[in-house]
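Undergrad: 3D model of this:
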Amino acid sequence: MSDLTREEMKSLIIEGWKCDNYGGICKIPSHKGIVNHLVYDRTGKVALEQIASEKNFDGNAVILHIGEVIGKLGPSESTEETLVIPPGRFIFFMTRECINMPFDVDGSLFMNPRISNLGLHFFTLGHVDPGFHGHLTATLLNMTNQPIKLNRNEGCLYFVLAKTNKVAKPHPKFHEKPQFKIEEAQRNLSFNLNPGFALTSADFATKDELEKWRNIILVIIFGTSSLLIGVLSWLLSRIPVPN
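TA: Prediction:
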């Protein structure tokens, strides 16, 4: 395997690739003759030439940006321009860009070092299979005791691509049914199905919230205990004492 050069990635973004070029490996009739683009904007607001511009590369890595977000954030914490992650809070997001991988290319996701140095920890990064189609996803955790503000126009992920030694069959799920919706991504990663890893659920509790509920439970326990002791003392006082 060898990393794709910047020029090779730009060609796959602008000129694209076709399933027809891979000797009938893809059996989906609707994909016949279609030009696929390695990285593109589903809204059509960002042209392919703009995505492939020099500012969207760092070395041989394509820079990807934060798109749709799920997390316990207020309106002022998630805007079109900025994202503010409170201390101790998880968020789950999809990339703004959509990915459509050729059958002889795989990818790896890395965090932007400058952003990770702010105190953010990334989850669900890693390998992207040949033939994957859809938005990539990641989970962020603010590990500091201060809010961390991100500029959405600064890329948070670096996407590195490599040519495989041989052509692979397209991804069995995402090539035919691309991952376009964030709710689908949550289900695909089983975040809300596995209670042991429901980190990005809307019901996830922060440390402050857990402490609040702990204090409420302690008050209830001590209050109930005091009431029971009082009732028991009153009942004992009503029992006649033998002469």
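Undergrad: residue ranges of each domain in this structure, please.
TA: 2-197, 205-243 (automatic domain parsing).
Undergrad: so which of the ones you listed is the most surrounded?
TA: Mean neighbour count (mean count of other C-beta atoms under 10 Å) peaks for domain 2-197 among those, with a mean of 16. To be clear about C-beta, it is placed using only N, CA and C from the backbone, and glycine gets the same treatment.
Undergrad: start to end distance for stretch 121-132?
TA: End-to-end distance of stretch 121-132: 25 Å, with C-alpha to C-alpha, to the nearest Å as the criterion.
Undergrad: what's in contact with it?
TA: By C-beta atoms under 8 Å, 6 or more residues apart in numbering, the residues outside stretch 121-132 that reach it are 26, 99-111, 116, 136-141, 143, 157, 159, 164, 167-171, 174-175, 189, 199.
Undergrad: any idea of the mean pLDDT for that stretch?
TA: Across stretch 121-132, pLDDT averages out at 85.
Undergrad: contacting residues for the spatially most central residue of the chain?
TA: Nearest to the geometric centre of the chain sits Ala138, at 2.6 Å (C-alpha atoms, centre = their mean). Counting by C-beta under 8 Å, 6+ apart, Ala138 touches 92-93, 95, 109, 122-125, 156-157.
Undergrad: in which helix or strand would I find Val62?
TA: strand 61-64 (DSSP states H and E).
Undergrad: just checking, what packs against that strand?
TA: With contacts taken as 3 or more C-beta pairs under 8 Å, 6 or more residues apart in numbering; DSSP states H and E, strand 61-64 sits against strand 90-100, strand 157-163.
Undergrad: can I get these in a markdown table including mean pLDDT and distance to Lys72?
TA: A markdown table is the format used below for the helices and strands packed on strand 61-64 (pLDDT from 0 to 100; distance: least, C-beta to C-beta, whole Å):
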| stretch | mean pLDDT | distance to Lys72 |
| --- | --- | --- |
| strand 90-100 | 93 | 8 |
| strand 157-163 | 94 | 22 |
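Undergrad: adding distance to Leu150, write those strands out as a markdown table.
TA: Compiled in a markdown table, those are given as follows (distance: least, C-beta to C-beta, whole Å):
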| stretch | distance to Leu150 |
| --- | --- |
| strand 90-100 | 10 |
| strand 157-163 | 12 |
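Undergrad: and the helices in the chain?
TA: 6-14, 48-51, 113-116, 182-188, 207-238 (DSSP state H).
Undergrad: related to what we said a few turns ago, report pLDDT for the residue nearest to the centre of the chain.
TA: Looking at Ala138, the pLDDT reads 89.
Undergrad: which residues does it bridge with?
TA: Phe93 (DSSP bridges).
Undergrad: swap in the one 4 residues further on?
TA: Each beta-bridge partner of Asn142 is listed here: Leu120, as defined by DSSP bridges.
Undergrad: just checking, it touches Ile115?
TA: No - here Asn142 does not reach Ile115: they are 11.3 Å apart, not a contact under C-beta atoms under 8 Å.
Undergrad: distance between the ends of stretch 52-66?
TA: Start-to-end, stretch 52-66 (C-alpha to C-alpha) is 17 Å.
Undergrad: with stretch 155-170 instead?
TA: By C-alpha to C-alpha, the extent of stretch 155-170 from end to end equals 28 Å.
Undergrad: with stretch 162-179 instead?
TA: With C-alpha to C-alpha as the measure, stretch 162-179 spans 22 Å from end to end.
Undergrad: and the pLDDT for Pro195?
TA: Looking at Pro195, its pLDDT stands at 41.
Undergrad: likewise for the one 3 residues further on?
TA: The predicted local distance difference test score for Ala198 is 42.
Undergrad: give the pairing partners of the strand holding Val62; include direction for each.
TA: strand 57-58 (antiparallel), strand 157-163 (antiparallel).
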